[in-house]
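Visitor: Pasting the sequence and the predicted model now:
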Amino acid sequence: MKKYEIRYNLMDNQIIIPHRDKDGKLIGVRGRNLNKKDVDDGKKYMPIYHNGKVLKHLTGANLYGLDKNKESIERAKTCILFESEKSVQQLDTMFPNASIGLCVSGSNLTQYQLELLKDLEIDEVIVAVDKEFEKIGEEKEIFYADKIKKVFRDKLAPFFRVSVIWDTSNLLDLKDSPSDKGSDVFLELLNSRIFL
């Protein structure tokens, strides 16, 4: 949490998440609401106001964690794309000073994010989005597999080897990130990833 400058807003019950660009310049700050009512009302993430100024940025114009993990990513020639900042931080906790995690801030890959990836000296991109299905073969799983193909594989494949962490052994709960169950489960999922 210190590495990523995570703070807590006691008054609003929010986790404060600074976003820095690839060069480490502060570009925005997001608040992750912890109040159930806010989350249920669709306000899971909110821009932060400080001294009367909103500290928001286009999340699709950045890859969270790139300023911290670029060296490890280029050393490994690989990066892992997660949906949330929490997953990048979890991976860093599992593998200190060797994290290759980045966050796209959602479940889409923008053209700007693709250009940031193309600027890196890497060979493989691993897609590690949250689990959105309960059983292999069900309609929801087929829908999300198709989404991964369109949103990630089709954009990345001309430039990188692409793989996806896909929970075929039911190790994760619904809505879990691949990093949520700890390093043993994460490594099992990583080692059984599917090349697209």
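Guide: Yes, it's here.
Visitor: Off-centre distance for the lowest-mean-pLDDT helix or strand in the chain?
Guide: The weakest-scoring helix or strand in the chain, judged by mean pLDDT, DSSP states H and E, is strand 49-50 (a mean of 84). In terms of Cα atoms, centre = their mean, to the nearest Å, the gap separating the centre of strand 49-50 from the centre of its chain is 24 Å.
Visitor: I'd like the next helix or strand past that strand.
Guide: The first helix or strand that comes after strand 49-50 along the chain, using DSSP states H and E, is strand 53-54.
Visitor: Which stretches in this protein count as helices?
Guide: Secondary structure of the chain (DSSP state H): helices at 36-40, 66-76, 85-94, 111-118, 139-148, 154-156, 183-191.
Visitor: And the nearest residue to residue 141 once chain neighbours are set aside, how far from residue 176?
Guide: The shortest distance from residue 141 to any non-neighbouring residue, by Cβ to Cβ, 6 or more residues apart in numbering, is to residue 133 (3.7 Å). Glycine gets a C-beta too; all of them are placed from N, C-alpha and C. Residue 133 sits 11 Å away from residue 176, going by Cβ to Cβ, to the nearest Å.
Visitor: Residue 125 contacts residue 164, correct?
Guide: No. Assessed by Cβ atoms under 8 Å, residue 125 is found out of contact with residue 164, at 9.6 Å.
Visitor: Can you give me every residue that contacts the residue nearest to the spatial centre of the chain?
Guide: In the chain, the centroid-proximal residue (Cα atoms, centre = their mean) is residue 82; its distance is 2.4 Å. Counting by Cβ atoms under 8 Å, 6 or more residues apart in numbering, residue 82 touches 88, 91, 101, 102, 103, 104, 128, 129, 177, 178, 179.
Visitor: let's see it at 6 Å
Guide: 88, 101, 103, 128 (Cβ atoms under 6 Å, 6 or more residues apart in numbering).
Visitor: Export those to a markdown table and append columns for distance to residue 43, neighbour count and pLDDT.
Guide: Converted to a markdown table, the contacts of residue 82 look like this (distance: Cβ to Cβ, whole Å; neighbours: other Cβ atoms under 10 Å; pLDDT from 0 to 100):
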| residue | distance to residue 43 | neighbour count | pLDDT |
| --- | --- | --- | --- |
| 88 | 22 | 27 | 97 |
| 101 | 25 | 28 | 98 |
| 103 | 19 | 25 | 97 |
| 128 | 25 | 24 | 98 |
